[in-house]
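Q: give me a model of this one.
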Amino acid sequence: MALSESELEQLAQAKAVLENPGLAVKFSHTLGAPIEKGFSLLPDNWQLKVRDATRDALTLALRGALFTMKSGTGAPAQAASSPRWHKLASAISGGVGGAMGVGALFLELPLSTTIILRSIADIARAHGEDLSDPEVQLACLEVFALGGPKPTDDASESAYFGVRMALAKAITEATEFMATQAMVDGSAPAIARLIALIATRFQVQISQKAAAMAVPVIGAVGGASINLLFIDHYQDMSRGHFTVRKLERLHGADTVRALYNAL
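A: Residues are numbered from 1 along each chain as shown. Coordinates of the predicted model:
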């Protein structure tokens with residue numbers, strides 16, 4: 001079945017979001033200072049700390065959010081999501097962390113990541129996803145890998161579908177593992193492998209968030225404002241992601257992907 005005019009418009013809007021210029025550009029445009037300044041102010045060993053903290057945050061977020069994902073499956077599948085509540089929680093988290101300086105990022109990161117994952121799941125549910133399905137839960141986690149191309153990405157493939165292809169095998173293996181487990185074990189090879197792949201993308205965004213906090217002009221605005229931009233970015237990514245997935249369920253993955261690439 002061909003996509004309707006309305007569905008093609010939804011797909012076009014999803015692509016406009018998913019192939020966006022990235023979080024660093026949003027920080028600079030909104031807060032008024034280049035993120036590059038912030039990178040020069042971070043310690044030399046910052047990237048190693050970010051890598052380890054990102055993996056830990058994703059693991060803890062997946063564990064914590066799964067409980068509320070499963071318990072919330074009784075809500076109407078198509079009920080509207082509630083992004084404002086998650087933004088408020090994220091702003092409070094960022095405000096507390098910002099008051100303690102950029103060094104508090106690692107303390108605040110697990111909480112803010114869990115809040116974002118809950119918001120992603122809420123948007124997934126509103127797009128007709130079944131949050132009790134392990135594959136859907138991991139599709140929510142997959143959103144953390146989205147948000148703009150890396151320099152090593154193949155220019156012949158869209159950034160969005162390139163990420164999905166890169167994660168496809170790991171998601172399949174992790175889904176099969178989670179289907180047989182009562183609780184998420186972050187040390188299990190299938191889960192650890194997927195989280196490591198997602199973390200390589202997500203840590204880029206974490207570094208940009210840290211760089212924004214390190215710039216004196218931006219830092220004065222406070223961690224709450226930075227966290228609002230941060231969660232807003234991933235809410236946008238999740239709306240695009242789950243719009244594409246909804247259309248794939250209706251019309252088939254190959255059809256939707258071909259139309260997406262042709263837009």
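
Q: going forward, measure contacts between C-alpha atoms and count neighbours the same way
A: OK.

Q: skipping its backbone neighbours, what lies nearest Met183 in space?
A: Spatial nearest neighbour of Met183, chain neighbours left out: Arg63 (7.6 Å); criterion: C-alpha to C-alpha, 6 or more residues apart in numbering.

Q: for the helix or strand harbouring the one you found, which helices and strands make contact with it?
A: Counting by DSSP states H and E, the secondary-structure element that holds Arg63 is helix 46-71. Helix 46-71 sits against helix 105-126, helix 134-142, helix 189-214, with contacts defined as 3 or more C-alpha pairs under 8 Å, 6 or more residues apart in numbering; DSSP states H and E.

Q: averaged pLDDT, the last one. What do you get?
A: Per-residue confidence for helix 189-214 averages out to 88 on the pLDDT scale.

Q: off-centre distance for it?
A: Here helix 189-214 shows a centroid-to-chain-centroid distance of 10 Å under the convention C-alpha atoms, centre = their mean, to the nearest Å.

Q: any stretches of this structure with poor pLDDT?
A: Judged by pLDDT under 70, the chain has its weakly predicted residues at 1, 66-104, 148-157, 182, 216-223.

Q: what residue is smack in the middle of it?
A: Phe144 (2.7 Å; C-alpha atoms, centre = their mean).

Q: ok, now which ones touch that residue?
A: Residues in contact with Phe144 (C-alpha atoms under 8 Å, 6 or more residues apart in numbering) are Ile198, Ala199, Arg201, Phe202, Tyr234.

Q: so which of the helices and strands packed on helix 46-71 comes closest to Leu18?
A: Of all those, helix 134-142 sits nearest to Leu18, with 12.8 Å by C-alpha to C-alpha.

Q: that closest one versus helix 105-126: what angle between them?
A: With axes from the mean of the first three to the mean of the last three C-alpha atoms, to 10 degrees applied, the angle from helix 134-142 to helix 105-126 works out at 130 degrees.

Q: buried residues, the helix or strand just after helix 134-142. List them.
A: Using DSSP H and E, the helix or strand that follows helix 134-142 in sequence is helix 159-178. When neighbours are counted by 16 or more other C-alpha atoms under 10 Å, the buried residues of helix 159-178 are found to be 159-160, 162-164, 167, 170-175, 177-178.

Q: and stretch 187-197, by the same measure?
A: Within stretch 187-197, the residues that qualify as buried are Ala190, Ile191, Ala192, Arg193, Leu194, Ile195, Ala196, Leu197, counting by 16+ other C-alpha under 10 Å.

Q: and the closest residue to the first one other than its chain neighbours, how far is that from Ile191?
A: Nearest in space to Ala190, with sequence neighbours left out and distances taken as C-alpha to C-alpha, 6+ apart, is Ala174 at 4.9 Å. Between Ala174 and Ile191 the computed distance is 5 Å (C-alpha to C-alpha, to the nearest Å).

Q: any idea which helix is longest in the protein?
A: The helix of greatest length in the chain, counted in residues with DSSP state H as the criterion, is given as helix 223-251.

Q: torsion angles phi and psi at Ser132?
A: When read as degrees, to the nearest 10, the backbone of Ser132 gives phi -80, psi -10.

Q: tally of neighbours for Leu250?
A: Neighbour count for Leu250, taken as other C-alpha atoms under 10 Å: 12.

Q: how far away is it from Glu129?
A: Applying C-alpha to C-alpha, one obtains 13 Å for the distance of Leu250 from Glu129.

Q: returning to what we had before: between helix 159-178 and the longest helix of the chain, find me the angle.
A: Going by the same axes, to 10 degrees, helix 223-251 is angled at 80 degrees with respect to helix 159-178.
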